[in-house]
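Peer 1: Below is the sequence, then the predicted model.
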Amino acid sequence: MPQPITSNTLFYGDNLAIMREYIPDASVDLVYLDPPFNSNRNYNVLFKDESGRDSDAQITAFEDTWHWNEVAERTYQALVTAGQERVARVISALRNILGTNQMMAYLVMMAPRLVELDRVLQPTGSIYLHCDPTASHYLKLLLDAIFGPAQFRSEIIWSYRRWPSKTPNYQHMHDVLLYYAKGEHPTFNVLHEPASASFLRRFKGKGNRLDPGATTKRATDDETPGMPLRDVWELSILAGSSAERLGYPTQKPLALLERVIQTSSNPGDVVLDPFAGCGTTVAAAQQLGRRWIGIDITHLSIAILKYRLDGLFPAIQYRVLGEPQDMGAARQLAADDRYQFQFWALSLLRAKPLGGQEGGKSGKKGRDRGVDGVINFLDDSSGKAQRAVVQVKSGHVQPGDIRDLKGTVSREEAAIGVFLTLEAPSKEMLTEAISSGYYHSPGWGQDYPRIQILTIAQLLDGAEIQMPPQSSTFKQLAKATPATAAQPTLDLD
């Protein structure tokens with residue numbers, strides 16, 4: 001039996017294995033999940049440079065195409081032979097209808113995860129599954145089988161506007177949130193939205209006939225009712241402000257998650273997002289005084305999550321489990337996937353990743369021009385950011401790499417260049433770096449080595465770049481107020 005989690009936690013890894021190993025029964029009050037849709041396309045993260053232009057480099061965040069392969073077949077066999085009877089019947093029927101295609105592979109992936117989410121929910125808990133209309137009807141069958149048809153509470157339509165496509169069909173401008181309760185009496189706080197002008201005129205001076213307990217709005221001097229929140233939410237598809245947007249492809253606006261969290265949880269409750277992505281659920285939970293658990297399978301997402309949380313809540317405390325903690329694990333990650341290693345290594349420096357991935361399913365490498373990551377810092381009162389550029393190497397290194405970095409620093413007009421390596425540098429490399437001289441910081445009145453070599457072992461031992469204090473590595477996010485930035489204690493007993 002998993003032991004209670006006692007602090008807010010980010011997990012790197014497969015959410016199915018993590019839930020089974022770490023999250024106890026009936027320990028979560030609210031689940032929101034936005035699993036990658038079966039849309040048969042890659043998503044890329046585009047980062048902006050300081051001028052606001054799109055970076056030349058693109059980073060593949062994840063590939064959301066599912067294929068019927070050996071893993072899907074084994075998972076299917078386990079579901080129908082050893083799984084819950086109702087789930088087995090539904091998944092078998094869906095295979096008879098759909099065959100062994102990408103949609104079926106997606107549903108087979110989702111089924112055991114939904115079973116685990118049912119296990120970890122409190123009797124008063126709720127689950128919101130965010131999905132595309134192409135898959136929502138199949139997922140609803142799975143949810144009916146796992147939670148029971150009577151536990152379906154609502155199908156929420158998130159309506160938004162975006163640039164129209166040229167498809168000869170109705171413009172697709174909504175997503176679906178399927179809301180299910182674990183038990184008969186889920187937590188539910190009625191929220192209200194402003195009534196329309198015509199409704200206000202009709203009820204002007206008649207008091208709040210719809211909901212006497214509602215917070216009222218006023219038209220001139222008369223009381224008018226606030227409208228209980230409908231199941232159609234008209235919210236922008238974009239995040240609430242340019243400062244909120246991180247460039248993550250499937251990022252949802254904070255306002256959407258705030259509605260879900262405020263409605264179906266109370267302060268101090270535990271919120272779980274097993275597909276955490278760039279962390280909108282986690283950020284909203286933290287801001288609203290909820291406790292939280294986030295899981296994601298890419299080091300890129302975990303890195304973005306850490307930057308976002310640290311930018312919003314400077315005093316925040318949380319754990320990150322699943323990342324390499326020693327050199328053996330770091331070498332294994334580099335051998336398994338050097339791009340995930342790169343994202344993780346950059347996060348040790350709080351550097352914004354700029355490099356792409358190359359070849360195969362991950363897409364073509366972006367034009368990173370020799371820069372894998374960037375750290376911005378302020379050096380005087382003008383507010384203009386200076387830059388430290390970072391190169392990451394997981395293989396053999398040599399003096400020529402340092403000479404190349406010196407050229408990159410000059411071309412990019414950067415203040416400092418950092419060479420981050422898994423292997424120890426040679427004496428010739430150290431000499432080449434020292435020969436580059438120093439960057440003088442006018443704002444801080446100090447000299448810093450212009451070219452610096454750091455090893456993963458040194459960073460794991462607490463070493464840091466010699467440089468002026470960093471500004472936010474991503475666009476500066478609005479700081480949380482002291483009341484909302486308070487760190488709740490996590491006790492899942």
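Peer 2: Yep, it's here.
Peer 1: Which elements pack onto the host helix or strand of A105?
Peer 2: With elements taken from DSSP states H and E, the one containing A105 is helix 102-120. Contact here means 3 or more C-beta pairs under 8 Å, 6 or more residues apart in numbering; DSSP states H and E; on that basis helix 102-120 packs against helix 15-22, strand 28-33, helix 70-82, helix 85-98, strand 121-131, helix 136-147. Quick note: C-beta positions are derived from backbone N, CA and C, even for glycine.
Peer 1: Export that helix to PDB, keeping only CA atoms.
Peer 2: Extracted C-alpha coordinates of helix 102-120, given in PDB (Å, rounded to 0.1, in the frame of the first residue of the first chain):
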ATOM      1  CA  GLN A 102      -5.100   4.500 -33.300                       C
ATOM      2  CA  MET A 103      -8.300   5.400 -31.500                       C
ATOM      3  CA  MET A 104      -8.500   1.900 -30.000                       C
ATOM      4  CA  ALA A 105      -4.900   2.200 -28.800                       C
ATOM      5  CA  TYR A 106      -5.700   5.600 -27.200                       C
ATOM      6  CA  LEU A 107      -8.700   4.100 -25.300                       C
ATOM      7  CA  VAL A 108      -6.700   1.100 -24.200                       C
ATOM      8  CA  MET A 109      -4.100   3.500 -22.800                       C
ATOM      9  CA  MET A 110      -6.700   5.500 -21.000                       C
ATOM     10  CA  ALA A 111      -8.700   2.600 -19.400                       C
ATOM     11  CA  PRO A 112      -6.200   1.500 -16.700                       C
ATOM     12  CA  ARG A 113      -5.400   5.100 -15.800                       C
ATOM     13  CA  LEU A 114      -9.100   5.900 -15.300                       C
ATOM     14  CA  VAL A 115      -9.400   2.800 -13.100                       C
ATOM     15  CA  GLU A 116      -6.500   4.100 -10.900                       C
ATOM     16  CA  LEU A 117      -8.000   7.600 -10.700                       C
ATOM     17  CA  ASP A 118     -11.200   6.000  -9.500                       C
ATOM     18  CA  ARG A 119      -9.200   4.200  -6.800                       C
ATOM     19  CA  VAL A 120      -7.400   7.300  -5.500                       C
END
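Peer 1: ok so, going back, now mean pLDDT and mean neighbour count too, for the helices and strands packed on helix 102-120, in TSV please.
Peer 2: Shown next, in TSV, are the helices and strands packed on helix 102-120 (pLDDT from 0 to 100; neighbours: other C-beta atoms under 10 Å):
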stretch	mean pLDDT	mean neighbour count
helix 15-22	95	18
strand 28-33	97	26
helix 70-82	94	14
helix 85-98	96	15
strand 121-131	96	22
helix 136-147	96	19
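Peer 1: Throw those into a markdown table and include distance to Q171, thanks.
Peer 2: Formatted as a markdown table, the helices and strands packed on helix 102-120 follow (distance: least, C-beta to C-beta, whole Å):
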| stretch | distance to Q171 |
| --- | --- |
| helix 15-22 | 33 |
| strand 28-33 | 26 |
| helix 70-82 | 33 |
| helix 85-98 | 27 |
| strand 121-131 | 19 |
| helix 136-147 | 18 |
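Peer 1: which ones are touching Y22?
Peer 2: Counting by C-beta atoms under 8 Å, 6 or more residues apart in numbering, Y22 makes contact with 2, 5, 11, 321.
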